[in-house]
Every structure is written in structure tokens, then in C-alpha cells.
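> missing the sequence, but the structure's below:
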Ligand SMILES: Cc1ncc(COP(=O)(O)O)c(C=O)c1O
């Protein structure tokens, strides 16, 4: 039974909506937080409380909340056309302009762009393209796809099968067969005592090599990785990791798909996380900050090697039979294009690089707090490890619900945090200022202090 007044938005929400990532039973009792307005890096709920959103929504509201300029672009795009598709040779100028722009800023030479509406769709599409490629070149048995444990690549049937989080699979009878997971490259958690990051990376690459050998390299088609693992807890790759991993992929002729859904468009201090960490992908999926999250849009960037194989399939089979009604949506494409213009005008890469030392300094001070075991980041993404014991790195007893306590105290401080297990993942809107970073971290420290006091009181 809900205790909200009948006909209140809260009661109507409970009566009608299913919320992702939400305990549905608990939701009936606690109800929704109705976010009604946003400005800059802050959002307000319907009771008038204002929060600094340390996660930019879901890692995506790169320009913050509310945007007059993008609203005008969307308005004009709806007035002029509103909708058309890209099927059967149809096109629209916004999609052409956007594709051209994306190819011009791609981290490695890319040949073509396939547009969709979400990160999950982009990764589902990329999975199909890997299969399409190997079919085209006469190696249809190269079908198995490998991602990392704790990776998140989406909730579609293929993208969630790539996802390496057991809770996303258990009750759905997933992952699909042929989706495999290799080691979680989280040095702080998974490293052996005294093991250097380089040695750890070698061990990670050896594990991938062994997995491919065991499965048979002739059956493995693609490998997925985010430059920085977002929903894995904002985990940075250990030193040398991608160099060693890519050597293994080359050795076995496995295609590399970079999931830039979080890292793309400035987040790591370059246009792409692939530039920050030296990735040479064959396919790139991107979304989120592509439109500053103001419109649902995603893209897969396709290398010439793969495009040439797609062309030969058209010669053999006719049409490329993959697509979505909203692929190349002219309103979403126009907003994305304008977003990229805004990034260029504000010098997004320089802006993030200028703020990075401020953000990293704040992070590096955090382990002095009794609850923080480790904190690191790059650009404007960072992960904080909450521990019960710094020496052993043990985490708190689940029954204490320490993340829940920190979350409550942070909300009291007007701060929205994103938790991944015992980790806090920061990805504030990229328009944040140095002063606001200081404010965000001061709110966090007060929430940590309040939690530590509460735990000490038992
Ligand atoms: C790295 C990564 N890939 C893919 C996705 C899925 O994107 P979407 O939720 O737009 O389907 C996400 C979402 O958080 C993500 O973080």
C-alpha cells in the first residue's frame, strides 16, 4: 500500500510506471523523486530541493540541464521536417552533416556512420556488424564475442549479453550462448599483493589469450571494451593494459569494438577515450554526450575494412537489412550536430584538461578519509572505493548498507551520487567549473563524515 495522497504525482507514478534499476517493491513504499527542473549542473525536485548531479544524469548530460540553444534547434528541426528515415536511399541533411562531423573527429580513420537511438542499440548493431563482417569474408564460424567481467554495454539482448554483470543476466536466462567474459582489469581489487599495474596488465592479456586459445581463435570474432569502465565503477585501465590486449587481438585476428558511450566527447580529456588510452578500434559505439543527452541518439563508426565487406554483401545479397525507424532521426541528428558545435566553441577538450588537475587533486586527497580506500580518475570521470579496512581492502558488511547511508547523507547535502557496489562513480556535467568541483567534493566529504559518525555510533 502506498501512503501517498490519491492523485498525487507520486501515487500516479506508482500506479503506472516501471522504473529501471529500481527495487519495484521498495518503490511502492518510497515513491519517486520527481525531477522537475534543471539548470547548469543542478536539478530540482518537485518539493523545491536542489541537487548538484555528480553523475550528469546517467553520465550523459554533458552540458548540464536545460538548454535554450538546443531547444531552438530541436524546435526548428521539428517545424521543418520533424521526421524522416534513412531507409531505401532516403536521407536528411542533419544526418549527413552529423556523419561528416563524426568522421572528421574520429580517433582513428573511420569510413562510415550508422545512426541509432541508444547506446544499447549501438552495441547491438556493432555485434551484428562483427557477425556480418565475418560472414562476408567467408569465416562465419568467427561468431563468439568477448567482453570483460563487470563491463556494461547496454540492456538489449546482445548488448546485455556483452555486459559482464551477473545481476543483469540471472533472472533473464542470459547471456546468450557465444558471449564470453574475460578478467575485470581493476588493479586495486583484482591485483595480487605487490603486483605492479604493468604485471597485472600482462596477466589480464595472458588471460584473454588463454580464453581465445581455449575457445579456438577461429571461433572468436570480436572483443568489446570501454576505455574507462563506467558502470563497472569508473575503473581506469591499468598501465599498459590496452597495448597488451590489442596485441592479443591482433594475434588472433579478433575485431576490436571500443564502447565510447560514456568516454566519447571530452569525458577523459580528449574527444575520445580511445585517444587517452591508445585504442585502435575497428568499430566505435557512441551515444550519451553525442547530443548532450538532449535527444536520444547513438552512432556506430565503421572502419573501411568492415565497410568494404558490407559492400560485397550488397553485391551478393542486395539490401543491408538492418535498421531502426528512428535511425538518422533529423531532430536528434540536428541537436547532436549543434551539441558538437557547442563543444568546439567552448573548447571542450581544453576545458576538461584545465579542470582535470583540480578534480584529480580533490580525488587524491580523499583516501585520507577513514572510509576511502582509493580514489582516482582522468578527465572528469573518477571512481572512489569505500572500504571498511584500508589495510585488507575489505568492504563493509552488506547489512550496514554503507552506500545507502552515504547516499542519504549526500542527498541531505544536496548532492546526487552514483554508486556501483562499494564504489562511487563521479562524472559531473562537463560544464562544471573549478569552484563547483570544490563544492561537489566538499558536499561529498560532509556526507562521508556524517556516515562515519553514524557508523561509529553503531
Ligand atoms: C558504456 C556503456 N555502453 C552502453 C550503454 C547503454 O546505453 P543506453 O542506456 O543508451 O542504451 C551504457 C549506458 O550506461 C554505457 O554506460
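Arrived safely. Computed from a predicted model, the values in this text were never measured in an experiment. Residues are numbered from 1 along each chain as shown.
> got a pLDDT number for the most centrally placed residue in the chain?
The residue lying closest to the centre of the chain (Cα atoms, centre = their mean) is residue 262, at 3.4 Å. You'll see residue 262 listed with a pLDDT of 98.
> which residues does it contact?
Neighbouring residues of residue 262 by Cβ atoms under 8 Å, 6 or more residues apart in numbering: 59, 226, 228, 230, 273, 288, 381, 427. Placement of C-beta: from N, CA and C, glycine included.
> of those, list those near the ligand.
Under the cut-off given by Cβ under 6 Å from any ligand atom, the ligand has 226, 230 from the contacts of residue 262 close to it.
> Most neighbours out of the contacts of residue 262, which is it?
For these, the largest number of neighbours (other Cβ atoms under 10 Å) sits with residue 273, at 33 neighbours.
> which ones are touching that one?
Contacts of residue 273 were listed using Cβ under 8 Å, 6+ apart, and they are 226-228, 258, 260, 262-264, 267, 279.
> In a strand, residue 376, correct?
Yes: Residue 376 forms part of a strand when assessed by DSSP: H, G, I helix; E, B strand; the rest coil.
> How many neighbouring residues does the closest residue to the ligand within the stretch 51-200 of the chain have?
Minimum separation of the stretch 51-200 of the chain from the ligand (Cβ to the nearest ligand atom) falls at residue 119, amounting to 2.3 Å. Around residue 119 there are 28 other residues, counting by other Cβ under 10 Å.
> shouldn't it be in contact with residue 154?
Yes: assessed by Cβ atoms under 8 Å, residue 119 is found in contact with residue 154 at 5.4 Å.
> How about residue 424: which residues does it bridge to?
residue 384, residue 419 (DSSP bridges).
> Can you verify my assumption that it contacts residue 407?
No: using Cβ under 8 Å, residue 424 is not in contact with residue 407, being 9.1 Å away.
> what sits in contact with each of the two?
Common contacts of residue 424 and residue 407 (Cβ under 8 Å, 6+ apart): residue 417.
> Please identify which of these two sits among more neighbours.
Between residue 424 and residue 407, residue 424 has the larger neighbour count (other Cβ under 10 Å), namely 28 against 19.
> The more buried one: what's it in contact with?
The neighbourhood of residue 424, defined by Cβ under 8 Å, 6+ apart, consists of 383-384, 386, 403, 406, 417-418, 444.
> name the element residue 307 belongs to?
Assigned by DSSP states H and E, residue 307 belongs to helix 304-317.
> Go through that helix and flag the buried ones.
By 16 or more other Cβ atoms under 10 Å, the buried positions in helix 304-317 come out as 306, 309-310, 313.
> per-residue confidence averaged over that helix?
Mean predicted lDDT for helix 304-317 stands at 98.
> Now do it: distance to the chain's middle.
30 Å (Cα atoms, centre = their mean, to the nearest Å).
> And the contacts of that helix?
By Cβ under 8 Å, 6+ apart, the residues outside helix 304-317 that reach it are 109-112, 129, 132-133, 135-137, 255, 282-283, 302, 320.
> can you give me the strands for the stretch 101-250 of the chain?
In the stretch 101-250 of the chain, the strands defined using DSSP state E, counting those that start in this stretch lie at 112-116, 144-148, 179-182, 220-225.
> what would those look like in TSV with mean pLDDT and mean neighbour count?
Output for the strands of the stretch 101-250 of the chain, formatted as TSV (pLDDT from 0 to 100; neighbours: other Cβ atoms under 10 Å):
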stretch	mean pLDDT	mean neighbour count
strand 112-116	98	23
strand 144-148	98	25
strand 179-182	98	22
strand 220-225	98	26
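> Let me have the ones you listed in CSV, extended by distance to residue 191.
Shown next, in CSV, are the strands of the stretch 101-250 of the chain (distance: least, Cβ to Cβ, whole Å):
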stretch, distance to residue 191
strand 112-116, 37
strand 144-148, 15
strand 179-182, 16
strand 220-225, 18
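> Turn those into a markdown table, columns for distance to the ligand.
A markdown table is the format used below for those (distance: least, Cβ to the nearest ligand atom, whole Å):
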| stretch | distance to the ligand |
| --- | --- |
| strand 112-116 | 9 |
| strand 144-148 | 10 |
| strand 179-182 | 15 |
| strand 220-225 | 9 |
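> what's the residue in the stretch 301-450 of the chain that the ligand sits nearest to in contact with, if anything?
Among the residues of the stretch 301-450 of the chain, residue 427 lies closest to the ligand, at 9.7 Å counting by Cβ to the nearest ligand atom. The contact partners of residue 427, taken as Cβ under 8 Å, 6+ apart, are 54-56, 59, 230, 234, 262, 267, 380-382, 418.
> Residue 286 too?
102, 119, 122, 260-261, 264-265, 298-301.
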